[in-house]
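In: Can you look at this prediction? I've put the sequence above it.
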Amino acid sequence: MADSTTSRVSFTLDSTLDAVATVEDAAGQFALKAGFTEDEIPNIVMAVREAAVNAVLHGNSYDPVKKISASFETSGDALVIRIIDQGQGLDPDAIPDPLAPENILRGSGRGIFLIKAFMDEVHFRQLHPGTELTLIKHRTPAEPGQ
């Protein structure tokens, strides 16, 4: 496991798919530096990608005036990632269940489901305007002798 030194990086980016790629790449690099395993890193990266896509597509609707922000921070035993958009806001309780029979064949609507599956904690906060999505992944100490 990486040491417990706190480190942080943040970005403010345009509402584009290039921004999503930048955030996704940063997530992979940051998770690796934070000491996550090769099994955990792709899941963290996918969760962050889904959050960034949601911010660009659903939050900001690709509006060139609106920005997304992403921050990555390690401290103690966790990686904390925040993705912020400047959109209308999101009510997480209004998101349809992707496992409900009527939604199984839909081509979209699984992003939040995946984020929650891959991260240990997921928190939504309304910013008026915008939504802040906080993703937390806890690091587990290595087993003795490894």
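Out: Happy to help now that I have it.

In: for the residue positioned nearest the centre of the chain, what are its contacts?
Out: Residue closest to the average C-alpha location in the chain (C-alpha atoms, centre = their mean): Val48, at 3.0 Å. Val48 sits next to 23-24, 27, 70, 81, 83, 135 when contact means C-beta atoms under 8 Å, 6 or more residues apart in numbering. To be clear about C-beta, it is placed using only N, CA and C from the backbone, and glycine gets the same treatment.

In: Strands of this protein, residue ranges please.
Out: Using DSSP state E, the strands of the chain run over residues 7-14, 67-75, 78-84, 121-126, 131-138.

In: and the closest residue to Leu17 other than its chain neighbours, how many neighbours does it have?
Out: In this structure, Leu17 finds its nearest non-sequential neighbour in Val56, 7.0 Å apart by C-beta to C-beta, 6 or more residues apart in numbering. Val56 has 27 neighbours, counted by other C-beta atoms under 10 Å.

In: Show me what the helix or strand of the chain with the lowest mean pLDDT is packed up against.
Out: Lowest on mean pLDDT, DSSP states H and E among the helices and strands of the chain sits helix 111-118, with a mean of 90. In terms of contacts (3 or more C-beta pairs under 8 Å, 6 or more residues apart in numbering; DSSP states H and E), helix 111-118 is packed against helix 41-53, strand 121-126, strand 131-138.
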